[in-house]
Structures are given as C-alpha cells and as structure tokens.
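Trainee: dropping the sequence and predicted coords here.
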Amino acid sequence: MATPSPKTRTIWPYAIVMTFVLFAGYIGYMVQQAMRTSVDLVSPDYYQQELRYQQQMETVARTAALPAPVKLEHNAAAHRLTLQLPAELTTQTVQGQVHFFRPSDQKLDFSLPLQPAGGVQQINTGQMKAGYWRVRLDFTAGGQAYFLERNITLTD
C-alpha cells in the first residue's frame with residue numbers, strides 16, 4: 001500500500017487576496033487624503049478682483065475708441081520717448097502716470113507723472129538701461145479713465 005503524500009500548500013491564493021486588500025487600503029487612503037485637502041480656486045475677494053478687471057477692460061476699450069490714437073513713439077537716436085494725446089483730450093485736464101517696467105529687473109521700474117504740454121510730453125531715455133521695457137500710460141481726462149500699454153526696446 002502506498003503512503004499518502006502530504007498536501008502541498010501554495011501561497012498564491014493568499015498573495016493575490018492580500019494584494020487586493022492592500023490595493024483597496026491604498027485607494028481608501030488616497031480618497032481620504034483627497035477629501036481632507038482644501039482646494040481654494042477662488043480668492044476671498046474674487047468679486048472685487050473681477051470688478052477691477054472689468055473696469056480695466058472698459059478703460060482699454062475707451063482708449064481704443066478715441067477718435068485719434070494715443071501715440072507713443074521712441075526715437076532711439078535722440079534718446080527720447082514722445083507721448084502724444086489726441087487733440088480731443090488736450091482741452092481737458094489730464095492727470096496720470098507713465099510707468100516703466102523692466103521685466104528682467106524689477107529694481108529698474110519707475111513711474112513719472114504725466115504732464116503733457118499741448119498734448120505732448122517728451123521723456124529722456126538716455127539714462128535708462130538698454131533692453132526691453134513695458135511702458136504703461138494710465139491717465140484720466142474729463143472724468144474718464146484711459147490706459148495704454150506699449151513695449152519698447154532701448155538700444156545703446
């Protein structure tokens with residue numbers, strides 16, 4: 001008579017079940033972490049920011065709708081930037097700022113008051129560092145706000 005062979009046990013069924021249990025635990029943990037994470041996509045003053053943005057868009061549209069454009073011309077040879085307002089605005093009181101932004105170096109940013117004489121203002125660019133600049137003209141005339149932004153490149 002033959003002796004019965006001992007039953008061999010395999011661990012594969014247990015390993016597969018344990019893998020599914022660990023995977024389910026990991027997914028449960030990730031869901032719990034996702035539920036705890038606060039996602040604030042909207043700032044607390046979102047409404048005020050939206051109103052400011054809307055006002056800025058209206059200001060840009062108002063500037064574009066002027067009968068003649070606001071001219072901003074750079075004469076590299078003379079190191080001079082000329083701002084010229086439309087004739088319609090020269091009879092009104094104009095107040096504002098000319099902002100110069102240097103994207104590569106924030107320390108070079110500066111602002112000047114807008115003081116057009118007869119609708120024209122000359123700005124000397126000889127002391128400004130050569131390179132790319134953003135010029136923003138923000139002014140009011142006749143109780144209306146206007147805004148213009150241009151990019152210039154100064155050369156030595």
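Mentor: Arrived safely. Here the structure is a predicted model, which means the values were calculated and not measured.
Trainee: grab the CA positions of stretch 73-83 and hand them over as PDB.
Mentor: Output of stretch 73-83 as PDB, limited to C-alpha atoms (Å, rounded to 0.1, in the frame of the first residue of the first chain):
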ATOM      1  CA  GLU A  73       7.000 106.900 -30.200                       C
ATOM      2  CA  HIS A  74      10.600 106.200 -29.300                       C
ATOM      3  CA  ASN A  75      13.400 108.000 -31.100                       C
ATOM      4  CA  ALA A  76      16.500 105.900 -30.400                       C
ATOM      5  CA  ALA A  77      18.900 108.300 -31.900                       C
ATOM      6  CA  ALA A  78      17.700 111.200 -29.800                       C
ATOM      7  CA  HIS A  79      17.100 109.000 -26.700                       C
ATOM      8  CA  ARG A  80      13.600 110.400 -26.400                       C
ATOM      9  CA  LEU A  81      10.200 108.900 -25.900                       C
ATOM     10  CA  THR A  82       7.300 111.100 -27.100                       C
ATOM     11  CA  LEU A  83       3.800 110.800 -25.800                       C
END
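Trainee: buried set for that stretch?
Mentor: For stretch 73-83, a neighbour-count test (16 or more other Cβ atoms under 10 Å) marks 74, 81, 83 as buried. To be clear about C-beta, it is placed using only N, CA and C from the backbone, and glycine gets the same treatment.
Trainee: now do stretch 134-144
Mentor: Within stretch 134-144, the residues scored as buried using 16+ other Cβ under 10 Å are 135, 137, 138, 139, 141.
Trainee: please apply the same query to stretch 100-116.
Mentor: So for stretch 100-116, counting by 16+ other Cβ under 10 Å, buried means 100, 101, 102, 114, 116.
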